[in-house]
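A.B. asks: For reference, the sequence and a predicted model appear below.
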Amino acid sequence: MSYKTVHAQSIQDPQTFWGEEAKHIHWEKPFDTVLDYSKPPFAHWFKGGLTNLCYNAVDRHLAQRGDQIALVAVSTETDIEKAYTFKELHAEVNRMAAILKANGVGKGDRVLIYMPMIAEASFAMLACARIGAIHSVVFGGFASHSLASRIEDATPKMIITAEAGMRGGKAVPYKPLLDEAIALSSYKPAKVLIVNRGLSEFVMVDGRDLDYTAERLAHLHAEVPVEWVDATHTSYILYTSGTTGKPKGVQRDTGGYAVALSSAMRLIFCGKPGETMFTTSDIGWVVGHSFIIYGPLINGTATIMYEGTPLRPDGGIWWSLVEKYKVSVMFSAPTAIRVLKKQDPAFLTKYDLSSLRTLFLAGEPLDEPTATWIHEAIGKPVVDNYWQTETGWPILAIQRGIEVMPHKFGSPGLPVFGYNMKLLDEATGEELGPDQKGVVAIEGPLPPGCMQTVWGDDARYVKTYWSTIPGKLIYSTFDWGIKDKDGYYFILGRTDDVINVAGHRLGTREIEESISSHANISEVAVVGIEDKLKGQVAIGFAIPKDASNVANLEAELMKTVDSQLGAVARPARVYIVTALPKTRSGKIVRRALQAVAEGRDPGDISTMEDQTVLAHIKTVIQESAKKA
Ligand code: AMP
């Protein structure tokens with residue numbers, strides 16, 4: 001069947017399309033209806049069905065491939081490399097599930113996971129799924145304030161962590177940040193389970209903290225039955241940044257997610273059972289949830305969890321893993337490829353990459369030089385794909401498992417099956433024709449696997465995502481785009497104040513709030529500007545309260561962001577200025593700040609209250625460049 005036919009069927013008759021797709025996962029009890037869309041925009045998939053993500057990812061494969069490798073945990077930071085068969089993974093997940101249960105965690109309880117890329121993190125996620133607990137993984141690069149707001153919102157009964165991560169050969173302590181976050185949070189978890197890697201000293205809190213090694217030994221032979229949950233049962237919450245300082249908890253279901261990932265594995269990523277997939281992301285991001293853990297495993301495909309940089313011990317490390325584990329599907333981000341591009345090209349020809357069929361890249365715009373370079377270097381198809389934390393799996397891609405359509409540079413491709421895409425005029429909500437710029441939107445119902453709601457806040461879900469296009473109840477991606485005459489989409493950047501640094505989404509508002517918390521700051525604006533390596537970086541403009549005391553202010557502000565939000569959110573620069581460009585109604589004109597910081601013409605500034613401010617900002621940037 002052609003792509004066109006499949007896509008059309010998925011939109012015109014979702015009941016039949018997804019009813020067929022659902023046959024690829026295990027249902028303990030079949031569902032009554034494929035789709036209930038009686039209360040738009042809330043789509044409920046596979047109502048009445050009972051299933052379990054952990055069963056589908058692990059137990060289901062035991063009979064056929066119990067002795068095959070399911071998970072390889074590689075750390076080039078600690079030089080530990082360990083492979084787990086499906087049987088071994090099953091045993092570890094049962095032990096972890098037993099620890100959770102012994103400590104009072106049950107169905108529907110939240111468990112926050114704040115961990116580096118170690119095997120135990122995947123045991124923790126799968127163990128939660130096994131017992132119907134809801135996990136919320138927080139990226140290890142986030143610091144105490146970010147963590148505290150997530151603890152408060154998710155109210156986890158238990159937190160699972162490691163005492164430290166490691167980056168570039170240096171230990172990065174996690175436990176003190178977590179202790180600080182718990183102190184900051186008005187909600188306190190009952191228990192904290194700590195995987196002690198022996199990397200850094202830490203203090204155990206009596207009565208609250210548990211040592212994983214001891215707990216695991218106590219439950220070494222545990223067998224914890226799978227908790228069969230409704231298809232609509234929440235499997236996890238994953239926080240993401242938006243235009244307000246308060247992160248949104250993206251809430252995902254169970255049955256729809258399992259079906260969507262199974263379809264994506266077969267029809268987009270073309271991974272086969274018994275093969276190996278290597279996704280270089282982190283479990284703290286959605287790509288990690290879907291294509292390090294659940295997607296490959298549900299498909300019976302082994303997965304590699306990698307702790308380390310792409311450059312240690314040298315720029316060939318990822319390709320050496322492709323050779324060693326006969327990786328057939330690789331999934332990374334454009335930034336990582338741009339990092340590798342600076343390395344000796346010999347690293348790419350040194351290893352046998354014959355097992356590799358396709359390299360997938362996502363998370364940020366893929367520029368043509370990077371795409372061409374990597375395609376020529378490895379001699380494999382490079383497939384861009386576009387999606388969001390909210391959708392959980394690709395929205396736009398060339399779906400090679402359906403039809404190998406031609407690629408167009410700069411385009412992530414065509415709407416994925418299940419997604420009814422529209423390109424709309426922002427002001428009128430009218431549908432646009434070819435080559436006209438508009439907002440990329442998705443007509444409801446969103447397909448299986450997409451977010452169900454904002455955790456604990458249905459109203460915020462409807463208001464944020466479904467109410468921004470005039471006169472229409474339609475999901476906004478908050479991305480600008482263009483569709484060409486062949487239906488290929490081109491993504492042109494965000495419509496909101498969200499920026500994308502090295503494939504990671506950051507809300508400028510959160511960074512502004514952090515900078516403002518410094519005692520000597522009266523006002524601040526943060527914008528994203530173009531960066532050759534990371535795509536975008538954050539730049540701050542801050543007005544001090546006491547202008548005579550600014551000698552170390554920029555460094556102090558960086559430190560403030562580091563300790564509150566984490567190094568991922570640290571701006572590349574914070575310029576100390578005396579004024580910010582504003583409209584007469586007092587709104588900061590970020591687009592002008594961005595233009596000046598990128599060395600571009602700010603365009604029409606007639607609406608600005610004080611036309612001299614931009615000249616002042618330009619001078620500050622130039623002076624500071626001279627000093628550097
Ligand atoms: P996140 O939820 O952190 O994955 O960020 C999602 C955002 O990243 C999207 O709304 C886009 O702005 C951007 N993005 C993701 N994938 C791509 C891609 N392939 N091309 C262009 N932008 C992308």
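C.D. replies: That came in fine, so what should we check first? These numbers come from a predicted model, not from an experiment.
A.B. asks: can we go C-alpha only for contacts and neighbour counts from here?
C.D. replies: OK.
A.B. asks: Can you get me a residue count around the nearest residue to Val613 once chain neighbours are set aside?
C.D. replies: Spatially, and ignoring its direct neighbours in sequence, Val613 is nearest to Pro581 (5.7 Å; CA to CA, 6 or more residues apart in numbering). Per other CA atoms under 10 Å, the neighbour tally for Pro581 reads 25.
A.B. asks: who touches Pro581 in this structure?
C.D. replies: Contacts for Pro581 (CA atoms under 8 Å, 6 or more residues apart in numbering) come out as 588-590, 592-593, 608-611, 613-614.
A.B. asks: wait, His135 sits on Ser235?
C.D. replies: Yes: look at His135 against Ser235 with CA atoms under 8 Å: they come within range, at 6.9 Å.
A.B. asks: shared neighbours, the two?
C.D. replies: Counting by CA under 8 Å, 6+ apart, the contacts common to His135 and Ser235 are Ala129.
A.B. asks: Pull the contacting residues for the residue of the stretch 401-550 of the chain found nearest the ligand.
C.D. replies: Closest contact between the stretch 401-550 of the chain and the ligand, by CA to the nearest ligand atom, is at Arg505 (4.1 Å). Contact analysis of Arg505 by CA under 8 Å, 6+ apart lists 240-241, 498-499.
A.B. asks: Report the mean confidence score over the helix or strand hosting Leu297.
C.D. replies: Using DSSP states H and E, Leu297 maps to helix 295-298. In this model, helix 295-298 has an average pLDDT of 98.
A.B. asks: After it, which helix or strand is next?
C.D. replies: Tracing the chain C-terminally past helix 295-298 and defining elements by DSSP H and E, one meets strand 302-307 next.
A.B. asks: which of the residues in the next helix or strand after that following strand are buried?
C.D. replies: Later in the chain than strand 302-307, the nearest helix or strand by DSSP H and E is helix 317-324. Using 16 or more other CA atoms under 10 Å as the test for burial, helix 317-324 gives 317-323.
A.B. asks: for helix 317-324, packing partners?
C.D. replies: Where contact means 3 or more CA pairs under 8 Å, 6 or more residues apart in numbering; DSSP states H and E, helix 317-324 is not packed against any helix or strand.
A.B. asks: Determine whether any part of whichever helix or strand comes after it lies close to the ligand.
C.D. replies: Next in sequence after helix 317-324, counting helices and strands by DSSP H and E, comes strand 327-332. No: figure legend: strand 327-332 not in contact with the ligand (CA under 6 Å from any ligand atom); closest approach 10.8 Å.
A.B. asks: coming back round to it: now the contacts of Pro581: which count as buried?
C.D. replies: Among the contacts of Pro581, the ones that count as buried by 16+ other CA under 10 Å are 588-590, 592-593, 608, 613-614.
A.B. asks: Looking at these, which has the smallest pLDDT value?
C.D. replies: Met608 (82).
A.B. asks: Give me the distance between the closest residue to it other than its chain neighbours and Val613.
C.D. replies: Distance criterion CA to CA, 6+ apart; nearest residue to Met608, sequence neighbours excluded, is Thr583 at 4.4 Å. Applying CA to CA, to the nearest Å, the value for Thr583 to Val613 is 11 Å.
A.B. asks: likewise Lys101?
C.D. replies: Relative to Val613, Lys101 is positioned 60 Å away (CA to CA).
A.B. asks: cool, Val568 as well?
C.D. replies: With distances taken as CA to CA, Val568 is found 30 Å from Val613.
A.B. asks: what does Thr279 give?
C.D. replies: 46 Å.
A.B. asks: is Val527 in a bridge, and if so with what?
C.D. replies: Ile539 (DSSP bridges).
A.B. asks: Now for it, how many residues are close by?
C.D. replies: With neighbours defined by other CA under 10 Å, the count for Val527 comes to 26.
A.B. asks: what's the answer for Thr213, then?
C.D. replies: 13.
A.B. asks: For it, which non-adjacent residue is spatially closest?
C.D. replies: Leaving aside its chain neighbours, Thr213 sits nearest to Val195 (7.0 Å; criterion: CA to CA, 6+ apart).
A.B. asks: Can you name every helix or strand that the longest helix along the chain contacts?
C.D. replies: As assigned by DSSP state H, the longest helix anywhere in the chain is helix 86-102. Applying 3+ CA pairs under 8 Å, 6+ apart, we find helix 86-102 packed against helix 62-65, strand 69-75, helix 119-131, helix 212-218.
A.B. asks: Quick one: distance of it to the chain centre.
C.D. replies: On the basis of CA atoms, centre = their mean, to the nearest Å, helix 86-102 sits 26 Å off its chain's mean C-alpha point.
A.B. asks: The helix or strand following it - what's its average pLDDT?
C.D. replies: For helix 86-102, the following helix or strand on the C-terminal side (DSSP H and E) is strand 110-114. For strand 110-114, mean pLDDT is 98.
A.B. asks: what helices or strands is strand 110-114 leaning on?
C.D. replies: helix 119-131, strand 134-137, helix 144-154, strand 158-162.
A.B. asks: looking at these, which is closest to Thr428?
C.D. replies: Closest of the helices and strands packed on strand 110-114 to Thr428 is helix 144-154, at 35.6 Å (criterion: CA to CA).
A.B. asks: who in this structure is up against the ligand?
C.D. replies: 362-366, 384-389, 412, 477, 479, 491, 493-494, 504-505.
A.B. asks: one more time with 8 Å
C.D. replies: Residues of the chain lying close to the ligand by CA under 8 Å from any ligand atom are 240-241, 285-287, 361-366, 384-390, 396, 411-412, 477-479, 490-494, 499-500, 503-506.
A.B. asks: which ones among those are found in helices?
C.D. replies: 286-287.
A.B. asks: Show the contacting residues for the residue nearest to Met608.
C.D. replies: For Thr583, counting by CA under 8 Å, 6+ apart, the contacting residues are 589, 607-609.
A.B. asks: So which of the residues you listed belong to helices?
C.D. replies: Per DSSP H, those never map to helices.
A.B. asks: And those residues, which two are furthest apart?
C.D. replies: Top of the distance list for the contacts of Thr583 (CA to CA): Val589 and Glu609, 10.3 Å.
A.B. asks: Residues that sit against both of those two, list them.
C.D. replies: In contact with both Val589 and Glu609: 581-583, using CA under 8 Å, 6+ apart.
A.B. asks: Convert the helix or strand harbouring Glu530 to CSV, retaining C-alpha atoms only.
C.D. replies: Here Glu530 sits within strand 521-531, counting by DSSP H and E. Taking C-alpha atoms only, strand 521-531 is exported to CSV below (Å, rounded to 0.1, in the frame of the first residue of the first chain):
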residue,chain,number,x,y,z
ILE,A,521,18.5,42.3,39.4
SER,A,522,15.5,44.4,38.8
GLU,A,523,14.5,43.3,35.3
VAL,A,524,15.6,40.7,32.8
ALA,A,525,14.8,39.3,29.3
VAL,A,526,16.1,36.0,27.9
VAL,A,527,16.0,35.2,24.2
GLY,A,528,17.3,32.4,22.0
ILE,A,529,19.9,33.3,19.3
GLU,A,530,21.3,31.2,16.5
ASP,A,531,24.3,29.1,17.3
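A.B. asks: Now do the end-to-end distance for stretch 348-358.
C.D. replies: 15 Å.
A.B. asks: Spell out the residue ranges of the strands in the stretch 301-450 of the chain.
C.D. replies: 302-307, 327-332, 358-362, 382-386, 396-397, 414-415, 420-424, 438-443 (DSSP state E, counting those that start in this stretch).
A.B. asks: Which of these has the highest mean neighbour count?
C.D. replies: Greatest average neighbour count among the strands of the stretch 301-450 of the chain goes to strand 302-307 (a mean of 27), per mean count of other CA atoms under 10 Å.
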